[in-house]
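Novice: give the three-dimensional model of this entry:
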Amino acid sequence: MDLSSANEPQKNAITHLRGPCLVLAGPGSGKTYTITNRILYLLEQKVPPERILVITFMKEAALSMQNRFQQMAGAAGHGGPVFYPVNFGTFHSIFYHILKESKALKSGELLKNSEKKNLIIPILKTYESRMEAEDKEAGNTARQDGRNAMQEDAGRILAAVGYYKNTMDMAAASDMAPARWKPHFPSICQEYELAVKRTGRLDFDDMLYNCKRLLQEDGAVRSYWQNRFRHILIDEFQDINPVQYEAVRLLSASPYNIFAVGDDDQAIYGFRGSRPECLKRFQTEFGARQLLLDVNYRSMPEIVQASLSVIEENRDRFLKRLRAAAEPGNPEGPNPVALHAFPDREGQYGYLCRSIAAGLQTGESCAVLFRTNSYMQGFAARLKAAGIAYEMKERAASIYEQFIVKDIMAYLWLSSGKGSREHMLQVMNRPSRYISREAVGAGTVDFGKMREYYDRVEMAERQRREA
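Specialist: Take a look at the predicted model:
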């Protein structure tokens, strides 16, 4: 294996042989190069390829890394066209394989999102009936949410269930559920699990949780897989969640050959349950050797320094001194990177519009990058208002397609006296007002008839009590 093109930090990481190692890989520092060369190094050290496990978070990344490794193995004279059976996969695919080979799966068929909603909605309706009974006892009108509201609640609760399965944090998961379901969320979670089991199918997130539980509870299975995978390499370790972390910990045995590569400054999946603090937990619990890939091959020095001045505002992070491989630009010229702070988004948009307008007057081309699509849509509206022509790679979504605007429009139709049953069902319980669907007639909404409906209900209830 030729490491002449590797820098010193990369060489140290590649040739780390035994024991846990945490590699902090800054942006553009060659982490894929380091991981693939490390696999070659392990092969040179006579580690059987089938004992090596490489885990990524995306299927495309796993395939890309596998192809790159096989090409490098052939170019380095490690067998030419021979395929080395190194194990590459995502967390989900690896855990699914472990469950399947351990005979811990009744069925490998995954539930679709629509099927998961069909399981959760009857459970919610049961709890809704209980809440209606409680309201009736308290003298409140029975609550009836529209179909759209129930569908929306089901989606949010399923997301909260998934968050719980990835973090085992019931309190945080409950906070993600709609307000009226929060007191019942732990019970709903348990009943949903029973419903999934009755189908004999598999929830996507079950692959993580069930694999962790299998390794935890079955010592024979745990010993088998610990012996099967003697070296575990993990890419994008900052995106790991607590359940994945625990499963990896259970997969490894002394001398704990876990090679974790990540960067806590690049963590963006907290809403999915990832915990970048697992990097520090890994270093502490395993006593892992810490290495830093500090050379950025992607950006100019000015950009690297500007990015550091921003990210160093974060306090709970590994301290990293990064440098660029490229030479600085013209020291006599203006700084190509300018940092600006703004009190709000409108201030930022205004500055960008003025800067773009000035640049276009001198014949410059301008590009604006966004983290999310929603920010891009808002800025596109500002450009249009300023009369600045632009081209956008994404389709410009109409503001009228957003559910909030649709709700407002429904309220306006109703207030004008021209609202339909569909308009009323869309918004009548947003926020919850305990209005029954039966109170809303067909055609144009008649509020007088709705009041008559509740007068009849109240009279019938009073007669029932007096009978």
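
Novice: going forward, measure contacts and count neighbours with C-alpha atoms only.
Specialist: OK.

Novice: low-confidence stretches in the protein?
Specialist: Within the chain, the stretches falling below the threshold (pLDDT under 70) are 75-82, 107-108, 134-148, 329-335, 395-399, 431-434, 459, 461-467.

Novice: can you show me the strands along it?
Specialist: The residue ranges that make up the strands of the chain, judged by DSSP state E, are 21-25, 52-56, 87-90, 231-234, 258-262, 289-293, 295-296, 323-324.

Novice: can you pull the buried residues of the fifth one?
Specialist: Judged by neighbour count (16 or more other C-alpha atoms under 10 Å), strand 258-262 contains these buried residues: Ile258, Phe259, Ala260, Val261, Gly262.

Novice: quick one: closest of the strands of the chain to Val161.
Specialist: The minimum distance between Val161 and the strands of the chain falls on strand 87-90, with 21.1 Å, by C-alpha to C-alpha.

Novice: helices of the stretch 151-300 of the chain, start to end?
Specialist: Using DSSP state H, counting those that start in this stretch, the helices of the stretch 151-300 of the chain run over 170-176, 185-199, 206-217, 219-228, 242-251, 278-286.

Novice: could I get those as TSV with mean neighbour count?
Specialist: Putting these into TSV (neighbours: other C-alpha atoms under 10 Å) gives the following:
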stretch	mean neighbour count
helix 170-176	18
helix 185-199	16
helix 206-217	20
helix 219-228	15
helix 242-251	20
helix 278-286	16
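
Novice: quick one, which of the ones you listed is nearest to Ser374?
Specialist: Nearest to Ser374, of all those, is helix 170-176, at 21.2 Å by C-alpha to C-alpha.

Novice: which strands or helices does that closest one pack on?
Specialist: helix 147-167, helix 185-199 (3 or more C-alpha pairs under 8 Å, 6 or more residues apart in numbering; DSSP states H and E).

Novice: pipe the ones you listed into CSV and attach distance to Leu42 per row.
Specialist: Formatted as CSV, the entries for those read as follows, by distance: least, C-alpha to C-alpha, whole Å:
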stretch, distance to Leu42
helix 147-167, 31
helix 185-199, 41
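
Novice: of those helices, which is nearest Pro276?
Specialist: Go through the helices and strands packed on helix 170-176 one by one with C-alpha to C-alpha and the one that ends up closest to Pro276 is helix 147-167, at 12.5 Å.

Novice: which helices and strands sit right next to the closest one?
Specialist: Judged by 3+ C-alpha pairs under 8 Å, 6+ apart, helix 147-167 is in contact with helix 113-137, helix 170-176, helix 206-217, helix 242-251, helix 421-427.

Novice: could you pull out the buried residues of it?
Specialist: Within helix 147-167, the residues scored as buried using 16+ other C-alpha under 10 Å are 149-151, 153-155, 157-167.

Novice: just to revisit the earlier point, nearest to Arg249, of the helices and strands packed on helix 170-176?
Specialist: When the helices and strands packed on helix 170-176 are ranked by distance to Arg249, counting by C-alpha to C-alpha, first place goes to helix 147-167 at 15.0 Å.

Novice: CA atoms of the closest one as PDB?
Specialist: Extracted in PDB, the C-alpha atoms of helix 147-167 (Å, rounded to 0.1, in the frame of the first residue of the first chain):
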ATOM      1  CA  ARG A 147     -60.400  13.500   9.200                       C
ATOM      2  CA  ASN A 148     -57.500  15.700   8.100                       C
ATOM      3  CA  ALA A 149     -56.700  16.600  11.700                       C
ATOM      4  CA  MET A 150     -56.600  13.000  12.700                       C
ATOM      5  CA  GLN A 151     -54.400  12.100   9.700                       C
ATOM      6  CA  GLU A 152     -52.000  15.000  10.700                       C
ATOM      7  CA  ASP A 153     -51.900  13.900  14.300                       C
ATOM      8  CA  ALA A 154     -51.200  10.300  13.300                       C
ATOM      9  CA  GLY A 155     -48.200  11.400  11.200                       C
ATOM     10  CA  ARG A 156     -46.800  13.500  14.100                       C
ATOM     11  CA  ILE A 157     -47.300  10.700  16.600                       C
ATOM     12  CA  LEU A 158     -45.600   8.100  14.300                       C
ATOM     13  CA  ALA A 159     -42.700  10.500  14.000                       C
ATOM     14  CA  ALA A 160     -42.600  10.800  17.800                       C
ATOM     15  CA  VAL A 161     -42.700   7.000  18.100                       C
ATOM     16  CA  GLY A 162     -39.700   6.700  15.700                       C
ATOM     17  CA  TYR A 163     -37.800   9.300  17.700                       C
ATOM     18  CA  TYR A 164     -38.400   7.300  20.800                       C
ATOM     19  CA  LYS A 165     -37.200   4.100  19.200                       C
ATOM     20  CA  ASN A 166     -34.000   5.800  18.100                       C
ATOM     21  CA  THR A 167     -33.300   7.600  21.400                       C
END
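
Novice: just give me the residue closest to the centre of the protein.
Specialist: The central residue of the chain, meaning the one whose C-alpha is nearest the mean C-alpha position (C-alpha atoms, centre = their mean), is Arg272 at 3.5 Å.

Novice: which residues touch that one?
Specialist: Residues counted as contacts of Arg272 (C-alpha atoms under 8 Å, 6 or more residues apart in numbering) are Tyr163, Asn166.

Novice: can you pull the contacts of Ile123?
Specialist: By C-alpha under 8 Å, 6+ apart, Ile123 lies in contact with Ile188, Glu191, Tyr192.

Novice: do you know how far it is from Lys112?
Specialist: Computed as C-alpha to C-alpha, to the nearest Å, the Ile123 to Lys112 distance reads 18 Å.

Novice: how long is stretch 226-237 from one end to the other?
Specialist: 20 Å.

Novice: if we go by neighbour counts, what in that stretch is buried?
Specialist: Of the residues in stretch 226-237, those scored as buried under the neighbour-count criterion (16+ other C-alpha under 10 Å) are Gln226, Phe229, Arg230, His231, Ile232, Leu233, Ile234, Asp235, Glu236, Phe237.

Novice: widest-spaced pair of those residues?
Specialist: Gln226 and Glu236 (21.9 Å).

Novice: let's have the helices of the stretch 151-300 of the chain in JSON lines, adding distance to Ile388.
Specialist: Compiled in JSON lines, the helices of the stretch 151-300 of the chain are given as follows (distance: least, C-alpha to C-alpha, whole Å):
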{"stretch": "helix 170-176", "distance to Ile388": "40"}
{"stretch": "helix 185-199", "distance to Ile388": "49"}
{"stretch": "helix 206-217", "distance to Ile388": "49"}
{"stretch": "helix 219-228", "distance to Ile388": "60"}
{"stretch": "helix 242-251", "distance to Ile388": "47"}
{"stretch": "helix 278-286", "distance to Ile388": "45"}
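
Novice: ok, which of those helices comes nearest Glu391?
Specialist: Ranking these by proximity to Glu391 (C-alpha to C-alpha) places helix 170-176 first, at 36.8 Å.

Novice: ok, and what's touching the closest one?
Specialist: For helix 170-176, contacts defined as C-alpha under 8 Å, 6+ apart pick out Arg156, Ile157, Ala159, Ala160, Val161, Tyr163, Tyr164, Lys182, Pro183, Phe185, Pro186.
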